[in-house]
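1. need a 3D model of the sequence below.
(one chain, ligands or ions: 1)
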Amino acid sequence: MDFQQVFGKPPKTEASAPGRVNLLGEHTDYNDGFVLPTAIPQWTTVQLGLSSDACGGLHLRQHHFYSENFNEQVSILDINHPPSGFASYIFGCIEVLKKAGYTIPSLCVYVKSSIPMGSGLSSSAALEVATLRAIRQLLNLPIDDVEIAQFGQQAEIHYAGVQCGIMDQMASSLADTEHILFLDTRTLERRLMPLPDKAEILVIHSGIPRSLASSGYNQRRAECEEAARSLGVKALRDITDVKVTEKLPEPLRRRARHVVTEDNRVLEVLQGVSSKRFGELMNASHASLRDDYEVSVPGLDTLVELLQKTSGVFGAKLTGAGFGGACVALVAAGEGRNIATHILEQYKQAGYNGQILVPSLGLSDAA
Ligand code: GLA
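-> Numbering: from 1, shown residues only. As a prediction, this is how the structure comes out:
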């Protein structure tokens, strides 16, 4: 079913936005810290029309959303009853724009995506950014790409119930597949950087669905805020010496130690590091996410260990929030697909079923 088949008229406009993979700086963004994501070559596309133009018995004054991936149509009958699932993100974007003072007519929205969902590659941020871009285009709204990211984050927090930071939406709105995006999430200062020499990025799904992702995530965020309060700082980003975290009670001590060391790892990359060192920092990040932040699961640990002991791999870690989902590895240029095939065999022998999501993102070629 395409837009015309669902809504009876062709779309008036369309926009797309990519997913992202985060190389370093995990769970630092809601602590005002530093992150290093890049866009992936998988996209979400949103096509828009006005409900007042729709045909085929659709209510002309309601919003109508259709997802090609879920083959599901949702109509918003009452704006006081927000929808769930894919529709919550679109509805959230419309509502945050309205709260910001924009008049948004009733819309027909058609969504399709090549971003694997629930794997930690920000399919939700891409849906928000693509929706906001399409609405900006349709109505000629005077909002820039940073505001698009901020509106998307608000939609996610208030309508999808995840107290997320701004990394995913900023990456989807501002990153490209040729660079890594260094972002200071407090000041929003950012810089596009090349990958270190002779390296490419490999992303593999662990096959473990993300469970507890939103409840565990919100709990970690609350723990970090409590740790910052106890230490008398605005956010954990304000601590640079990890020794300061030692006075905290557990588990706040380990949570804060992860954030402080993770911020320091990103800042080290900013100084310029070799592929070997970048990989070591990714390995250290995974250990910290597993032991101090406790957001890994056995399948992710097995996959990361297999990657880390394979020749040609500089380093590997879970990517995104954790609790399941994907791993990212920095590997020797040109080796991504071979390494992935080899690893997936071994992973299968360990009793798991993984999947290649991005075989070889070669940023250094284009940088
Ligand atoms: C999710 C959130 C991001 C970030 C990551 C963890 O993707 O949406 O804001 O916190 O987890 O680094």
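2. next one: stretch 35-47 to chain centre, how far?
-> 9 Å (Cα atoms, centre = their mean, to the nearest Å).
3. in the stretch 201-350 of the chain, what residue lies closest to the ligand?
-> As assessed by Cβ to the nearest ligand atom, the ligand sits closest to Ala321 within the stretch 201-350 of the chain, at 3.5 Å. (Glycine included, C-beta is placed from N, CA and C.)
4. hang on, that residue in a helix?
-> No: assigned with DSSP: H, G, I helix; E, B strand; the rest coil, Ala321 falls outside any helix and is coil.
5. what about it, distance to Ala149?
-> Between Ala321 and Ala149 the computed distance is 18 Å (Cβ to Cβ, to the nearest Å).
6. what mean pLDDT does stretch 95-105 have?
-> What stretch 95-105 shows for mean pLDDT is 97.
7. output that stretch as PDB, restricted to C-alpha atoms.
-> Extracted C-alpha coordinates of stretch 95-105, given in PDB (Å, rounded to 0.1, in the frame of the first residue of the first chain):
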ATOM      1  CA  GLU A  95       1.700  18.200  19.900                       C
ATOM      2  CA  VAL A  96       5.100  19.700  20.800                       C
ATOM      3  CA  LEU A  97       4.900  22.000  17.700                       C
ATOM      4  CA  LYS A  98       1.400  23.100  18.800                       C
ATOM      5  CA  LYS A  99       2.700  23.800  22.300                       C
ATOM      6  CA  ALA A 100       5.400  25.900  20.700                       C
ATOM      7  CA  GLY A 101       2.700  28.000  19.200                       C
ATOM      8  CA  TYR A 102       2.500  26.600  15.600                       C
ATOM      9  CA  THR A 103      -0.900  25.900  14.000                       C
ATOM     10  CA  ILE A 104      -0.800  22.400  12.600                       C
ATOM     11  CA  PRO A 105      -3.700  21.200  10.400                       C
END
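8. ok, and what's touching that stretch?
-> Contact partners of stretch 95-105, identified using Cβ atoms under 8 Å, 6 or more residues apart in numbering, comprise 50-52, 79, 82, 94, 132, 135, 139, 141, 151, 154-155, 158-159.
9. which ones are touching the closest residue to Arg20 other than its chain neighbours?
-> In space, and not counting its chain neighbours, Arg20 is closest to Ala171: 3.7 Å by Cβ to Cβ, 6 or more residues apart in numbering. The contact partners of Ala171, by Cβ under 8 Å, 6+ apart, come to 20, 22, 35, 37-39, 122, 125, 181, 183.
10. filter those residues down to the ones in strands?
-> The members of the contacts of Ala171 that map onto strands under DSSP state E are 20, 22, 35, 37-39, 181, 183.
11. ok, and of those residues, which contact the ligand?
-> Counting by Cβ under 6 Å from any ligand atom, Asn22 from the ones in strands among the contacts of Ala171 sit close to the ligand.
12. closest to the ligand out of the ones in strands among the contacts of Ala171?
-> When the ones in strands among the contacts of Ala171 are compared for distance to the ligand (Cβ to the nearest ligand atom), Asn22 comes out closest, at 5.8 Å.
13. wait, the closest one sits on Gly320?
-> Yes: judged on Cβ atoms under 8 Å, Asn22 makes contact with Gly320 at a distance of 6.2 Å.
14. quick one: name the residues of this structure near the ligand.
-> Counting by Cβ under 6 Å from any ligand atom, the residues of the chain lying close to the ligand are 22, 26-27, 29-30, 164-165, 167-168, 320-321.
15. work out for me the element the closest residue to Arg210 other than its chain neighbours sits within.
-> What sits nearest to Arg210 in space, not counting adjacent residues and going by Cβ to Cβ, 6+ apart, is Gly324, at 3.9 Å. Using DSSP states H and E, no element contains Gly324; it sits outside every helix and strand.
16. retrieve the pLDDT associated with Gly324.
-> At Gly324, pLDDT is 93.
17. what's the burial count for it?
-> Residues near Gly324, counting by other Cβ atoms under 10 Å, number 24.
18. identify the residues contacting the nearest residue to Ala160 once chain neighbours are set aside.
-> Nearest residue to Ala160, sequence neighbours excluded (Cβ to Cβ, 6+ apart): Ser88, at 5.3 Å. Applying Cβ under 8 Å, 6+ apart, we find Ser88 in contact with 82, 159-160.
19. do His258 as well
-> So His258 contacts 27, 288-289, 292-293 (Cβ under 8 Å, 6+ apart).
20. most neighbours of all those, which one?
-> Counting by other Cβ under 10 Å, top hit in the contacts of His258: His27 with 27 neighbours.
21. touching, that residue and Asn218? I think so.
-> No: assessed by Cβ under 8 Å, His27 is found out of contact with Asn218, at 11.9 Å.
22. all strands of the chain, in order?
-> Using DSSP E, strands in the chain cover 13-22, 34-35, 37-50, 63-67, 72-76, 107-113, 180-184, 190-193, 199-205, 313-318, 326-332, 355-361.
23. identify whichever of the ones you listed lies nearest to Val259.
-> strand 34-35 (10.3 Å; Cβ to Cβ).
24. who's in contact with that closest one?
-> Strand 34-35 is contacted by residues 22, 24-25, 28-29, 167, 171, 181-185, 237, 263, 266-267, 270 when judged by Cβ under 8 Å, 6+ apart.
25. in its sheet, what does it sit against?
-> Partners of strand 34-35 in the sheet, by DSSP bridges, are strand 180-184 (antiparallel).
26. name the residues of stretch 196-205 that are buried.
-> Within stretch 196-205, the residues that count as buried by 16 or more other Cβ atoms under 10 Å are 196, 199-205.
27. so for it, mean pLDDT?
-> Averaged across stretch 196-205, pLDDT comes to 94.
28. please apply the same query to stretch 74-90.
-> 90.
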